[in-house]
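Colleague: Okay, here's the prediction I keep looking at, along with the sequence it came from:
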Amino acid sequence: MAALHLRIEEESPIIERGAELMKRAAATCLMFSLSCGFAPGQAYAQFKPFAPPEQSSSISIVVLTDTLGVDFKLYLKSLYGGVRTQWYQLIPTSVSNKKGRVVLEFAILRDGRVAGLRLAKSSGDVALDRPALGSITGSNPFALLPSEFRGPYLGLRLTYLYNLQPFAISPRSVKVAAGEAQQFRTTKVGSQETVEWSLEGCARRPCGSISATGLYTAPKDLPDPPEVKVIAVVHSHLPGNSTAPLADMGEDTATITIVKPEKPGPPSAPQ
């Protein structure tokens with residue numbers, strides 16, 4: 001177990017609220033179904049317990065449903081501690097050097113019971129998937145949701161990283177003038193890993209393009225809506241096995257707002 005470097009210091013848990021949290025009118029989720037998971041799947045907040053730079057195995061929590069103005073920081077801190085303990089106990093020593101990423105989604109009902117648990121992203125290795133799933137089933141039921149929260153459930157996405165550093169894009173949010181370019185970068189990936197870039201958004205007009213190296217070029221005409229989502233996924237290649245399926249080791253997104261190019265100012269008067 002020592003090789004997993006699972007130490008986390010929890011003195012500074014953080015909730016990072018996304019812009020979606022402020023869009024209450026648009027945040028009404030479809031009723032949760034026990035059989036099909038979450039329907040809009042938007043992230044309303046992220047819970048990131050403080051961890052030292054050498055951390056290579058961790059759990060992160062994303063809130064998928066509107067918190068209705070309730071601060072879940074203490075609730076998520078307690079949930080995280082219990083889930084982490086269960087996870088540690090279930091990780092077999094045989095996977096101490098394996099790398100992988102597991103993503104789970106589920107709801108916590110008002111009475112703390114878990115509903116709709118699903119494996120949103122498998123690591124491709126049951127020895128890594130099983131401890132993650134067991135960390136939720138073994139923690140069920142959780143504590144009651146805060147009494148001031150009036151929603152029917154809290155939707156969560158938990159990402160488990162085994163011997164992986166968190167993967168991130170920079171910049172996370174940027175304005176790009178129509179027709180101009182913007183270079184995106186990611187955290188360092190290994191020699192057996194590659195990054196796949198893609199775009200989402202712009203239903204009515206082209207979004208622009210992004211190269212294999214993360215260079216985004218905006219369209220000359222403003223799209224409608226003008227927001228573009230950049231998605232980067234890091235894949236792992238097994239050494240010496242080009243035919244093996246790629247393992248998804250991380251994913252992150254960034255947001256581009258395309259704006260009108262600035263008009264050149266009038267020429268300066270001669271001195």
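Modeller: Received the coordinates, thanks.

Colleague: can you list the domain ranges for this protein.
Modeller: 2-162, 169-259 (automatic domain parsing).

Colleague: Save those as CSV, and put in mean pLDDT and mean neighbour count too.
Modeller: (C-beta placed from N, C-alpha, C; glycine too.) As requested, the domains of the chain are exported to CSV (pLDDT from 0 to 100; neighbours: other Cβ atoms under 10 Å):
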stretch, mean pLDDT, mean neighbour count
domain 2-162, 73, 16
domain 169-259, 81, 15
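
Colleague: all helices for the chain, in order.
Modeller: Along the chain, the segments classed as helices by DSSP state H run 73-90, 126-137.

Colleague: Let me have the ones you listed in TSV, adding distance to T257 as columns.
Modeller: Formatted as TSV, those follow (distance: least, Cβ to Cβ, whole Å):
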stretch	distance to T257
helix 73-90	29
helix 126-137	35
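
Colleague: For A218, find the nearest of these.
Modeller: Evaluated with Cβ to Cβ, those place helix 73-90 nearest to A218, the distance being 36.9 Å.

Colleague: picking that back up, among the helices of the chain, which is nearest D224?
Modeller: D224 sits nearest to helix 73-90 of all these, at 36.6 Å, using Cβ to Cβ.

Colleague: Report the angle between the closest one and helix 126-137.
Modeller: In terms of direction (axes from the mean of the first three to the mean of the last three Cα atoms, to 10 degrees), helix 73-90 departs from helix 126-137 by 140 degrees.

Colleague: For helix 73-90, name the packing helices and strands.
Modeller: For helix 73-90, the packing partners by 3 or more Cβ pairs under 8 Å, 6 or more residues apart in numbering; DSSP states H and E come out as strand 45-48, strand 58-63, helix 126-137.

Colleague: If you count contacts, what does the longest one end up packed against?
Modeller: The criterion is 3+ Cβ pairs under 8 Å, 6+ apart, and the helices and strands that helix 126-137 contacts are helix 73-90, strand 100-109, strand 114-121, strand 153-162.

Colleague: Out of these, the one nearest A168 is which?
Modeller: Checking the helices and strands packed on helix 126-137 against A168 by Cβ to Cβ gives strand 153-162 as the closest, at 12.1 Å.

Colleague: circling back to that earlier point, in JSON lines: the helices and strands packed on helix 73-90, plus distance to P146.
Modeller: Converted to JSON lines, these look like this (distance: least, Cβ to Cβ, whole Å):
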{"stretch": "strand 45-48", "distance to P146": "14"}
{"stretch": "strand 58-63", "distance to P146": "13"}
{"stretch": "helix 126-137", "distance to P146": "20"}
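
Colleague: Nearest to S236 among the ones you listed would be which one?
Modeller: That would be helix 126-137 among the helices and strands packed on helix 73-90, by Cβ to Cβ, at 12.7 Å.

Colleague: CA atoms only for stretch 144-152, dumped as CSV, please.
Modeller: Only the C-alpha atoms of stretch 144-152 are listed here, as CSV (Å, rounded to 0.1, in the frame of the first residue of the first chain):
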residue,chain,number,x,y,z
LEU,A,144,-28.8,12.8,6.2
LEU,A,145,-28.6,15.7,3.8
PRO,A,146,-28.5,19.1,5.6
SER,A,147,-32.0,20.0,6.9
GLU,A,148,-31.9,23.4,5.1
PHE,A,149,-31.5,21.7,1.7
ARG,A,150,-34.9,21.3,0.1
GLY,A,151,-34.0,19.3,-2.9
PRO,A,152,-34.9,15.6,-3.3
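
Colleague: Brilliant, that's me finished.
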